[in-house]
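S.K.: Okay, predicted coordinates and the sequence, questions at the end:
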Amino acid sequence: MSGHALYSCYMLICQKKGLMIAQINLVCNVSAPDNETKKAMSAIYPIQRSKRRRTVAIKISQGEVIVQAPLHLSETRIRSFVQRKQAWIDKHLQQQQQHLAKLSPRYWQAGERLRWLGEPLTLEVQQASRKSCKREGQQLLATRTPRANPEREPRGVIIAWYKQQAQAWLDAFFAQWCRRETLQPQGWQVKSFSSKWGHCTRKGELSFSWKLWLAPEWVVRNVVIHELCHLQEFNHSAAFWALVAQHSSDYQAAEKWLRQHGMTVLNETYLDYHEDDLTATCR
């Protein structure tokens, strides 16, 4: 990426060079019971065009449909391809919606599930004279003051806990890394990014989203290594990925995990993930 390097989850709006975003409008017939007439349904899917792509593909991730197409392929041919695959789209959308239904919306209330390095934690919220947050075994205990907003205060103190723990994790990681590796960051910190996992500046400063530590530790490690490699290769070239491979043997599995689960982990509505694979691709 030009200007800066970042590690983002898979998003509909992509800023990679040579890639364009458009939309395709479809009208398809939807099956109805015998006592009902069939009606037309309008579907709008984003088209992701790339000069490197040679064929059309449909990707469904976390309930979102994305059409991937060559840069100069006509919309008529794209629409024809998508219409032929409509049954496949409907099938996998339904499957993924069923998976997403297994995730509970985040209200920051007692009994909800959070995660630390992939391990589930049960949230407990109590009233106290001072707000606080600490972990006890598989529970995350948060307190809020009597007059506080019942959702805002536990949310704030819990996020503060995550940031503190994530910073401690990074400090321990870099204490070992900097003793044995040549890639040396100028500093690191935890932030509240809404749509990316990490960021590397031209000055060699690294920053990461606190939400990253909801993921399994091996995924966290790979994201950190990804950003470290930008210290030497400030792009996503073949040389960059070769450097990543030198430092991590499972980076491709981590990339796949983030594509599958990143959207709901980063999403404030969920901040969680389901173990099932939520990605399907049709070519």
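M.R.: Received, thanks. Numbering: from 1, shown residues only.
S.K.: For stretch 225-244, give the mean pLDDT please.
M.R.: For stretch 225-244, the mean pLDDT works out to 97.
S.K.: buried residues in that stretch?
M.R.: Across stretch 225-244, burial judged by 16 or more other C-beta atoms under 10 Å covers 225-231, 233-234, 236, 240-241, 243-244. In short, each C-beta sits where N, CA and C put it, glycine included.
S.K.: Nearest to Val56, out of those residues: which one, please.
M.R.: His236 (23.3 Å; C-beta to C-beta).
S.K.: Return the distance of the closest one relative to Gln246.
M.R.: Separation of His236 from Gln246 (C-beta to C-beta, to the nearest Å): 16 Å.
S.K.: same question, Cys229
M.R.: Note on Cys229: its distance to Gln246, by C-beta to C-beta, is 9 Å.
S.K.: A helix includes Gln48, no?
M.R.: No. Using DSSP: H, G, I helix; E, B strand; the rest coil, the assignment for Gln48 is strand, not a helix.
S.K.: how deep is it tucked in, by neighbour count?
M.R.: Residue neighbour count, defined by other C-beta atoms under 10 Å, stands at 20 for Gln48.
S.K.: So what pairs up with the closest residue to it other than its chain neighbours in the strands?
M.R.: Closest residue to Gln48 apart from its sequence neighbours, by C-beta to C-beta, 6 or more residues apart in numbering: Gln68 at 4.9 Å. Assessed by DSSP bridges, Gln68 has beta-bridge partners Gln48, Ala57.
S.K.: Could you give the number of residues near the closest residue to Pro70 other than its chain neighbours?
M.R.: With C-beta to C-beta, 6+ apart as the criterion, Pro70 has its nearest non-adjacent residue at 5.0 Å, and that residue is Arg53. Arg53 has 16 neighbours, counted by other C-beta under 10 Å.
S.K.: Is it correct that Arg53 falls within a strand?
M.R.: No. Read with three-state DSSP, Arg53 is coil and lies in no strand.
S.K.: any idea how far Cys229 is from it?
M.R.: Plainly put, Arg53 is 25 Å away from Cys229 if you go by C-beta to C-beta.
S.K.: ditto for Val67
M.R.: 31 Å.
S.K.: Likewise for Trp257?
M.R.: Distance of Trp257 to Cys229, computed by C-beta to C-beta: 18 Å.
S.K.: Ok, Trp88 next?
M.R.: Trp88 sits 37 Å away from Cys229, going by C-beta to C-beta.
S.K.: And stretch 88-107, what's buried?
M.R.: Quick answer for stretch 88-107 (16+ other C-beta under 10 Å): Ile89, His92, Gln96, His99, Leu100, Leu103, Arg106.
S.K.: quick one: which helix or strand includes Lys59?
M.R.: Per DSSP states H and E, Lys59 falls inside strand 57-61.
S.K.: again, but for Trp218
M.R.: Here Trp218 is assigned to helix 217-229, by DSSP H and E.
S.K.: So what touches that helix?
M.R.: Residues from elsewhere that reach helix 217-229, judged by C-beta atoms under 8 Å, 6 or more residues apart in numbering: 5, 7, 117-118, 169-170, 173, 177, 181, 183, 185, 197-200, 206, 208, 212-213, 215, 240, 243-244, 247-248, 250-251, 254-255, 257-258.
S.K.: where along this protein do the helices fall?
M.R.: 75-84, 86-100, 152-180, 217-229, 238-247, 251-266 (DSSP state H).
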